[in-house]
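Enquirer: next one to model:
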Amino acid sequence: HYRPLFLVDSGAFVANTKSAEKAARQAEKNRAHNVTMRSRMRSAIRGVSDAIAAGKKEEAQKSYAVAVPIIDSMVNKQIVHRNKAARHKSRLAARIRGMS
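Expert: Have a look, this model is predicted:
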């Protein structure tokens, strides 16, 4: 099985072919985008968690309503697995329901 990358002294992978160079560029660009999107999702989740911790049920519900579409869009973009997204939504909803 052919690998278009080889290891240089610095420990970094360097592409051997034009197509491998392009693939490496695209991979880095996609990775940066995915990091941004994942961060957006985590911020939305944190917003709900902070509202729950503060004991503000209405604010938590509003934050949850904002977070759910963001979490779902990460699944559609294949940035997080659907089970992970479902787990986050379920646990947040359960924590909101458990508030007095």
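Enquirer: pretty sure residue 44 contacts residue 67?
Expert: Yes. Assessed by CB atoms under 8 Å, residue 44 is found in contact with residue 67 at 3.8 Å. All C-beta atoms are positioned from the backbone trio N, CA, C, and that covers glycine.
Enquirer: where in this structure is pLDDT low?
Expert: 1-12 (pLDDT under 70).
Enquirer: buried residues in the one helix or strand residue 91 maps to?
Expert: Using DSSP states H and E, residue 91 maps to helix 82-97. Going by neighbour count (16 or more other CB atoms under 10 Å), the buried part of helix 82-97 is 85, 88-89, 92, 95-96.
Enquirer: from those residues, which is closest to residue 61?
Expert: residue 96 (6.1 Å; CB to CB).
Enquirer: number of nearby residues for the nearest residue to the closest one once chain neighbours are set aside?
Expert: Once flanking residues are discounted, residue 96 sits nearest to residue 60: 5.1 Å by CB to CB, 6 or more residues apart in numbering. Neighbours of residue 60 under the rule other CB atoms under 10 Å: 24.
Enquirer: now do the contacts for residue 40.
Expert: With contact set as CB atoms under 8 Å, 6 or more residues apart in numbering, residue 40 has these partners: residue 70.
Enquirer: if you could redo that for residue 68, that was the one I meant.
Expert: Per CB under 8 Å, 6+ apart, neighbours of residue 68: residue 89.
Enquirer: report the separation between it and residue 31.
Expert: Between residue 68 and residue 31 the computed distance is 26 Å (CB to CB, to the nearest Å).
Enquirer: swap in residue 41?
Expert: 16 Å.
Enquirer: which one of these two has more residues nearby?
Expert: residue 41 (21 against 10).
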